[in-house]
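Asks: Quick one: sequence plus predicted model below, questions after.
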Amino acid sequence: MKQFPDSHAPSASSPDASSPGVPPAGPSMGPPVGPPPAEARVWPPVSVVIPVLNEERHLREAVRMVLAQEYPGPIEVVLAVGPSHDRTQEVADALAAEDPRVTVVANPTGRTPNALNAAIGASRNGIIARVDGHAMLPADYLKVAVETLEETGADNVGGIMAAEGETAFERAVACAMTSRLGVGGARFHTGGEAGPADTVYLGVFRREALARVGGYDEHFQRAQDWEMNHRIRETGGLVWFQPRMRVSYRPRPSVRALSRQYFHYGRWRRVVARTHQGTINLRYLAPPAAVLGIVAGLVLTPFFWPALLVPAAYVVAILVGALLTGRDLAPGALIRLPLVYATMHMSWGWGFITSPPRLSKSQ
């Protein structure tokens, strides 16, 4: 876990101000006591941390939507910029020059957990909101988050990863990413009632919770959000799903990009499972089981033709599932949906199966 220098003066209201991992900061919210009367309410300052890499296209709009939040308290934005292949650094520097609320820090590794830790280390406030460089926040996102933190006493609150596509392929991916057939029953994908959760999309944290667990574990190139939320829960914290926190997400634009994304999801989810025993379940085992069943069926078919029933059954299930879940899609997106489901399942499963033990964290 990342150890940050104590670059800010401890806050008397933060009981974990001396904890390693995240520097103590300005006013913490303290124990939840319910929202005070509107006329007497003091809204805590919020630090929005954004890991940024190759985000020239979306960064300016993402930051604009953060700064335009309908939030009554102070907001600062910390951009941790990696070595990009486009003009991301220039865009980030221009944003900082235009608005004193924006700060830019370097992330030489280009890796997401390193960027998040660097941004948290440079932030100053007791509430920390993690946002992506291509995320489009609704105007009341931070307000709802802070209200939910106060009302529930949670250490982290987050909402829905609302996938929204522009092209026919992206719309098919968006449909798959918001259906149980595509991603299982995780509420941050498919929606549901507010309540405790294993993990949430992005997240708005109490700083003392991040300090307690030492921030993001930089070993995990993927699945770092799930892994840190697991540590928060293991140390007695509460992670809360709030469906009113709905963030627009742009899906991958091609089969190749989608396959790469889900391959790494599967690969690193197995690393998490090796690191934290007992965190795997049948939902995570379904894709690798499907891959093994299909491969075995195809290999055995020349010697035992009924083995072909396994891959055939998968194809039929995907086609029927696409028709049921894609009823509202235009024809161009609907015909791509079976391919999208298969790409997500097979890539995730193959990544899980082939995840090398060398990636596992040394104990």
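Replies: On my side now, so go ahead.
Asks: If we go by neighbour counts, what in whichever strand in the chain runs longest is buried?
Replies: Criterion DSSP state E: the longest strand present in the chain is strand 239-249. Buried residues in strand 239-249, counted by 16 or more other C-beta atoms under 10 Å: 239, 240, 241, 242, 245, 246, 247, 248, 249. Yep, even glycine has a C-beta here, placed from its N, CA and C like the rest.
Asks: same question, stretch 329-342
Replies: By 16+ other C-beta under 10 Å, the buried positions in stretch 329-342 come out as 329, 333, 334, 336, 337, 338, 339, 340, 341, 342.
Asks: Next, format those residues as CSV and append distance to residue 350.
Replies: Below are these laid out as CSV (distance: C-beta to C-beta, whole Å):
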residue, distance to residue 350
329, 26
333, 25
334, 26
336, 21
337, 20
338, 18
339, 16
340, 16
341, 15
342, 12
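Asks: can you name the two of those that are farthest apart?
Replies: Using C-beta to C-beta, the two most remote members of the buried residues of stretch 329-342 are 329 and 342, lying 16.4 Å apart.
Asks: Remind me what the helix or strand harbouring residue 104 packs against, helices and strands.
Replies: Element membership of residue 104, judged by DSSP states H and E, is strand 102-106. The helices and strands touching strand 102-106, judged by 3 or more C-beta pairs under 8 Å, 6 or more residues apart in numbering; DSSP states H and E, are strand 75-81, helix 88-98, helix 112-122.
Asks: Just confirm residue 311 is within a strand.
Replies: No - residue state for residue 311 (DSSP: H, G, I helix; E, B strand; the rest coil) corresponds to helix; a strand is not indicated.
Asks: That one contacts residue 297, correct?
Replies: Yes - counting by C-beta atoms under 8 Å, residue 311 does reach residue 297; the two are 4.6 Å apart.
Asks: coming back round to it: identify, from the buried residues of stretch 329-342, the entry nearest to residue 224.
Replies: When the buried residues of stretch 329-342 are ranked by distance to residue 224 (C-beta to C-beta), residue 340 comes first, at 25.1 Å.
Asks: Would you tell me what helix or strand that closest one is located in?
Replies: Assigned by DSSP H and E, residue 340 falls within helix 337-354.
Asks: Give the partner strands of the strand holding residue 104 in its sheet and their orientations.
Replies: strand 75-81 (parallel) (DSSP bridges).
Asks: between the strand it pairs with and helix 112-122, what angle do the directions make?
Replies: Here strand 75-81 runs at an angle of 140 degrees relative to helix 112-122 (axes from the mean of the first three to the mean of the last three C-alpha atoms, to 10 degrees).
Asks: which one in this protein is furthest away from the centre?
Replies: residue 303 (44.9 Å; C-alpha atoms, centre = their mean).
Asks: do you know how far it is from residue 296?
Replies: 11 Å (C-beta to C-beta, to the nearest Å).
Asks: Over to residue 114?
Replies: If you go by C-beta to C-beta, the gap between residue 114 and residue 296 works out to 40 Å.
Asks: And those two? Which one has more around it.
Replies: residue 114 (20 against 13; other C-beta atoms under 10 Å).
Asks: all strands for the stretch 101-250 of the chain, in order.
Replies: According to DSSP state E, counting those that start in this stretch, the stretch 101-250 of the chain carries its strands in the segments 102-106, 127-130, 156-163, 195-196, 201-206, 239-249.
Asks: Reformat those strands as TSV; add distance to residue 180 and mean pLDDT.
Replies: Shown next, in TSV, are the strands of the stretch 101-250 of the chain (distance: least, C-beta to C-beta, whole Å; pLDDT from 0 to 100):
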stretch	distance to residue 180	mean pLDDT
strand 102-106	39	96
strand 127-130	26	96
strand 156-163	14	92
strand 195-196	18	93
strand 201-206	17	94
strand 239-249	16	92
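Asks: Which among those is found nearest to residue 185?
Replies: In terms of C-beta to C-beta, the element of the strands of the stretch 101-250 of the chain nearest to residue 185 is strand 239-249, at 12.0 Å.
Asks: got the CA coordinates for the closest one in CSV?
Replies: This file holds the C-alpha atoms of strand 239-249, laid out as CSV (Å, rounded to 0.1, in the frame of the first residue of the first chain):
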residue,chain,number,x,y,z
VAL,A,239,-19.4,0.6,1.3
TRP,A,240,-22.8,2.0,0.2
PHE,A,241,-24.5,1.8,-3.2
GLN,A,242,-26.6,4.9,-4.1
PRO,A,243,-28.5,4.5,-7.4
ARG,A,244,-29.1,8.3,-7.5
MET,A,245,-25.3,8.7,-8.3
ARG,A,246,-25.5,7.8,-12.0
VAL,A,247,-22.4,8.5,-14.1
SER,A,248,-22.3,8.3,-17.9
TYR,A,249,-19.7,5.9,-19.2
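Asks: what helices or strands is that strand leaning on?
Replies: Under the contact definition 3+ C-beta pairs under 8 Å, 6+ apart, strand 239-249 sits against helix 141-152, strand 156-163, helix 187-190, strand 195-196, strand 201-206, helix 224-234.
Asks: Could you provide those in TSV, with additional columns for mean neighbour count and distance to residue 78?
Replies: Output for the helices and strands packed on strand 239-249, formatted as TSV (neighbours: other C-beta atoms under 10 Å; distance: least, C-beta to C-beta, whole Å):
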stretch	mean neighbour count	distance to residue 78
helix 141-152	21	15
strand 156-163	24	18
helix 187-190	20	24
strand 195-196	11	29
strand 201-206	26	14
helix 224-234	21	17
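Asks: can you put those in JSON lines and add distance to residue 283?
Replies: Compiled in JSON lines, the helices and strands packed on strand 239-249 are given as follows (distance: least, C-beta to C-beta, whole Å):
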{"stretch": "helix 141-152", "distance to residue 283": "25"}
{"stretch": "strand 156-163", "distance to residue 283": "16"}
{"stretch": "helix 187-190", "distance to residue 283": "11"}
{"stretch": "strand 195-196", "distance to residue 283": "18"}
{"stretch": "strand 201-206", "distance to residue 283": "17"}
{"stretch": "helix 224-234", "distance to residue 283": "13"}
